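In: Got a sequence here, can you build the structure:
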Amino acid sequence: MVKTVIGVMSGTSLDGLDMCCVTFKYVDGKWDYSIIKAEDESYPEEIKEKLANAQNMTALQYAQFHSDYGIYLGERIREFIERNSLTPDLIASHGHTIFHQPGIRFTAQIGSGAGIAAETGVDCVCDFRTTDVALYGQGAPLVPIGDRTLFAQYDYCLNMGGFSNISFNENGIRSAYDISPVNYVMNHYTRSIGLEYDKDGEMARSGSVCGELLKKLNTLPFYSQKGPKSLGREWVEEEVIPLIDSYKISIEDKLSTFCEHVAIQIGGHIKGGKVLLTGGGALNKYLVER
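Out: Residues are numbered from 1 along each chain as shown. Model (predicted):
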């Protein structure tokens, strides 16, 4: 069995649109893959602003943007296909998460799959999370079964995007859950001074850790919760950013303290072994060092 699929992802940290065309092969009872072409591109300011504020739209505005953004994705994917002479069997689009509250069995990702299919002429699989959340699941991390199937040589698959999440085998069972916010918080502060992100973590490296703030971050109730758990934008905006902003310290110190917090939280979930590190946070040299 051979399938060529284009995967599309928009990260919570709004760093842009990722498109990747992959051929999957099932041979001798095992799946393998090869990347044909991968590209990423930044969002136009209008799209970025709407994605950042979609939670505040009226129902009509939200429904309209769900359609418009799906058509926009379809246009970008169609150009990606044409530019690289691709012949996909399928498109898989997660959409951009606007709401994620699994505790009340609710999650919403924007970007109409019908719009993508209409613009590209290729069948589109979408709306990945909602059934899992309706069945009392967390809907995140998104693909621990894919981690297990495609990256079995790693003891841990760790993603550091807008949020960090991890998956690993434990007593023959694949465990997966969110760990902490990452780029969603750090990019919030760099954008306040006109920078999209902290390149290589240089600003964080130049700052100093605020011990009192670090302690309060590490003792937020989420981190002591047991069982499957996930994080959303809402929790960060209600709990994390107000806590950080209550300390009158420089942005460099905020970034340094938050990097230390992330490193402590992630480090507590890795017990040695080989780690596959992915996501934008993998490029933050200072964070990876910590």
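In: so what's Lys254 up against?
Out: Taking CB atoms under 8 Å, 6 or more residues apart in numbering as the criterion, Lys254 is in contact with Tyr189, Gly207, Cys210, Ile244, Tyr247. No exception for glycine: its C-beta is placed from N, CA and C like everyone else's.
In: burial of the second one, as a residue count?
Out: Read it as Gly207. By the criterion of other CB atoms under 10 Å, Gly207 has 22 neighbours.
In: can you check the last one too?
Out: Applying other CB under 10 Å, we find 13 residues neighbouring Tyr247.
In: now do Ser34
Out: Counted with other CB under 10 Å, the neighbours of Ser34 add up to 10.
In: Show me what the residue nearest to Gly232 when sequence neighbours are not counted is bridged to.
Out: Of all residues not flanking Gly232 in the chain, His100 sits nearest, at 3.3 Å (CB to CB, 6 or more residues apart in numbering). Beta-bridge pairing for His100 (DSSP bridges): Thr107.
In: can you tell me which residues contact His100?
Out: In this structure, His100 makes contact with Phe106, Thr107, Ala108, Gly139, Ala140, Ser230, Leu231, Gly232, Arg233, Glu234, judged by CB under 8 Å, 6+ apart.
In: quick one: which of the contacts of Lys254 sit in strands?
Out: Using DSSP state E, no member of those falls in strands.
In: Columns pLDDT and distance to Val133 on top of those, output as TSV?
Out: Conversion of the contacts of Lys254 to TSV gives the following (pLDDT from 0 to 100; distance: CB to CB, whole Å):
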residue	pLDDT	distance to Val133
Tyr189	97	30
Gly207	98	37
Cys210	98	36
Ile244	98	28
Tyr247	97	34
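In: With distance to Ile116 as extra columns, can I get the residues you listed in TSV?
Out: Formatted as TSV, the contacts of Lys254 follow (distance: CB to CB, whole Å):
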residue	distance to Ile116
Tyr189	33
Gly207	42
Cys210	44
Ile244	37
Tyr247	43
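In: What segments of the stretch 1-150 of the chain are strands?
Out: Shown for the stretch 1-150 of the chain, the strands assigned by DSSP state E, counting those that start in this stretch span residues 2-10, 17-27, 30-41, 90-93, 96-101, 106-110, 124-125.
In: closest to Arg174 out of those?
Out: Proximity to Arg174 (CB to CB) singles out strand 30-41 among those, at 14.9 Å.
In: Can you tell me what sits against that closest one?
Out: Identification of contacts with strand 30-41 by CB under 8 Å, 6+ apart yields 4, 16-25, 76, 80, 84, 86, 149-150.
In: quick one: buried residues of that strand?
Out: For strand 30-41, a neighbour-count test (16 or more other CB atoms under 10 Å) marks Ile36 as buried.
In: Pull the distance from that strand to the chain's centre.
Out: With CA atoms, centre = their mean, to the nearest Å as the basis, strand 30-41 stands 18 Å off its chain's centre.
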